[in-house]
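# sequence plus the predicted model coming up.
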Amino acid sequence: MLGNNIKKYRLLNGLSMRDLANLLGVSHQTIKKYEDDIMTPNSTRLIEIAKILKVNISDLVYSYPAVKIEFGNYRKNSQLSKKQLEGLQLLCKDEISKYIEILNLADEFVSFDKKWKFNVSNYSEIEEIALKVRKLLGVSESGPLDNLTDKLEDNDFLILEINFSENFDGFSGKVNDCSFIILSSKGYERNRFTLAHELGHLILNFKEDLSQKDKEKYCNYFASCLLMPQFSIKSDLAIGRNKLIKNISLNDIFMLATNYKVSLNAVIMRLYYLGIIDEFKKRNLFIQLSKKGLKKEQLKFVEEHPLKEKKIIFRLESENIISKKEAIKYLGVSTNEYNRLYF
């Protein structure tokens with residue numbers, strides 16, 4: 001699968017076969033033969049390719065058994081080129097194939113439970129669905145939701161992170177009988193909202209005639225409801241029985257964002273859709289954020305990462321099912337990094 005890996009990283013770098021050929025000083029046909037596994041580059045050439053594609057040689061050499069993947073939803077920026085999108089899809093395939101191989105080695109079976117499927121036809125239903133999902137996750141219907149990543153992994157959702165472009169947020173789909181969510185390695189509150197959004201794509205049954213744009217809106221609303229229950233938000237803003245703060249300030253937004261571990265933007269939009277602030281106030285708060293340079297800034301209220309795959313790899317190595325060398329390969333780290341992780 002060396003050829004497939006060369007193609008994957010070439011595309012991720014936004015290069016055509018001719019671009020890579022020019023950088024290597026070879027013909028376009030030579031690159032095609034490499035990628036079709038008709039010709040194998042020698043060790044010197046392989047080092048050159050790895051350097052150009054900004055990867056380790058091991059990234060080019062290792063491969064995993066292919067699995068059938070149903071690609072679902074991307075959360076991406078339109079700045080991604082067609083080549084990068086194709087490379088991203090290949091990268092996601094490899095990461096999922098690797099995870100499935102690790103699960104098989106550990107003799108762990110995971111599957112998607114139909115109890116997680118919900119029919120939805122309007123926004124008001126989403127509020128109720130979010131509360132049901134909280135119950136399935138084993139958390140209170142009110143208050144902040146602590147470590148969503150960990151709770152989804154406990155419920156057999158495969159959660160992975162990949163180091164990719166700033167223009168990529170997340171991706172979800174199905175493999176075998178499992179559901180997966182792949183996130184960028186940016187972390188913090190941005191990933192947390194993306195995780196909830198992608199969960200929406202996996203568990204919400206939309207009406208057949210619903211447009212993709214509306215599906216995105218529904219999933220954004222689901223993420224907001226799941227992470228910021230309306231009763232909790234209203235309670236936090238209450239100044240008396242059945243009374244809410246009338247003049248919401250940026251300090252109130254910061255307080256809610258910190259408490260619920262979401263972005264400032266997400267809080268403002270949640271308050272707007274709950275009718276707590278109007279269009280004018282929403283616009284004014286976004287203007288204040290822009291002036292302070294905070295509209296797109298991650299404030300790092302939270303940092304949560306998927307750990308299940310790593311834990312399984314360490315267990316496989318400690319039980320001598322795989323070697324230390326294989327563990328390092330699966331983790332995609334150096335020996336020194338592995339020793340620090342293991343410690």
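Arrived safely.

# is it true that Ile203 touches Val133?
Yes - between Ile203 and Val133 there is a contact at 7.2 Å, judged by CB atoms under 8 Å. No exception for glycine: its C-beta is placed from N, CA and C like everyone else's.

# okay, and the common contacts of these two?
Counting by CB atoms under 8 Å, 6 or more residues apart in numbering, the residues touching both Ile203 and Val133 are Trp116.

# next up, phi/psi of Gly138, please.
As for Gly138, its main-chain torsions (degrees, to the nearest 10) stand at phi 80, psi 30.

# quick one: Glu70 is in a strand?
Yes - per DSSP: H, G, I helix; E, B strand; the rest coil, Glu70 lies within a strand segment.

# ok, it touching Asn176?
No - between Glu70 and Asn176 there is no contact under CB under 8 Å: 9.7 Å.

# which one of those two has more residues nearby?
Shown here are Glu70 and Asn176; by other CB atoms under 10 Å, Asn176 has more neighbours (17 against 10).

# any idea how far the more buried one lies from Asp156?
Counting by CB to CB, to the nearest Å, the gap from Asn176 to Asp156 is 12 Å.

# and what of Leu210?
Applying CB to CB, the value for Leu210 to Asp156 is 27 Å.

# between these two, which one's more packed in?
Set Leu210 next to Asp156 and count neighbours by other CB under 10 Å: Asp156 wins out with 17 against 14.

# do you know the pLDDT at the more buried one?
pLDDT for Asp156: 93.

# how about the residue lying closest to it once chain neighbours are set aside, secondary structure?
Closest residue in space to Asp156, ignoring its immediate chain neighbours: Val110 at 4.0 Å, by CB to CB, 6 or more residues apart in numbering. For Val110, the assignment made with three-state DSSP gives coil.

# so what's Val110 up against?
Listed by CB under 8 Å, 6+ apart, the contact partners of Val110 are 103, 156, 158, 178.

# pull the contacting residues for the residue nearest to the spatial centre of the chain.
Residue closest to the average C-alpha location in the chain (CA atoms, centre = their mean): Leu183, at 1.7 Å. By CB under 8 Å, 6+ apart, the contact set of Leu183 is 159-162, 169-171, 191, 194-195, 198, 306.

# which of the residues you listed sit farthest apart?
Maximum pairwise distance among the contacts of Leu183 (CB to CB): 15.3 Å, between Asp169 and Pro306.

# with just CA atoms, put stretch 141-153 into CSV.
C-alpha atoms of stretch 141-153 as CSV (Å, rounded to 0.1, in the frame of the first residue of the first chain):
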residue,chain,number,x,y,z
GLU,A,141,-30.7,17.0,32.2
SER,A,142,-29.3,20.3,33.5
GLY,A,143,-25.9,21.9,34.0
PRO,A,144,-22.7,21.5,32.1
LEU,A,145,-21.8,18.3,30.3
ASP,A,146,-18.4,17.1,31.5
ASN,A,147,-16.1,15.4,29.0
LEU,A,148,-18.4,14.6,26.1
THR,A,149,-15.6,12.7,24.4
ASP,A,150,-15.1,10.3,27.2
LYS,A,151,-18.8,9.6,27.5
LEU,A,152,-19.3,8.9,23.8
GLU,A,153,-16.3,6.5,23.9
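
# low pLDDT regions in this structure?
Residue ranges of the chain with pLDDT under 70: 73-79, 165-166, 239-244, 342-343.

# buried set for the helix or strand hosting Glu86?
Taking DSSP states H and E as the criterion, Glu86 maps to helix 82-105. Buried residues in helix 82-105, counting neighbours by 16 or more other CB atoms under 10 Å, are found at 83-84, 87-100, 102-103.

# over to stretch 315-333?
Across stretch 315-333, burial judged by 16+ other CB under 10 Å covers 316-317, 322, 327-331, 333.

# mind listing the strands for the stretch 151-300 of the chain?
Secondary structure of the stretch 151-300 of the chain (DSSP state E, counting those that start in this stretch): strands at 158-162, 168-175, 178-184, 204-205, 238-240, 243-244.

# which of these sits most buried?
Mean neighbours per residue, mean count of other CB atoms under 10 Å, is largest over the strands of the stretch 151-300 of the chain for strand 178-184, with a mean of 24.

# in its sheet, what does that one sit against?
strand 158-162 (parallel), strand 168-175 (antiparallel) (DSSP bridges).

# in the contacts of Val110, find the pair that's most separated.
Across the contacts of Val110, no pair lies farther apart than Leu103 and Asp156, at 10.2 Å, counting by CB to CB.

# and stretch 315-325, how far from the chain's centre?
Remark: stretch 315-325 is offset 28 Å from the chain centroid, using CA atoms, centre = their mean, to the nearest Å.

# ends of it, how far apart?
Distance across stretch 315-325, first residue to last, is 14 Å (CA to CA, to the nearest Å).

# sorry, back to before: next secondary structure element downstream of the helix holding Glu86?
strand 118-119.
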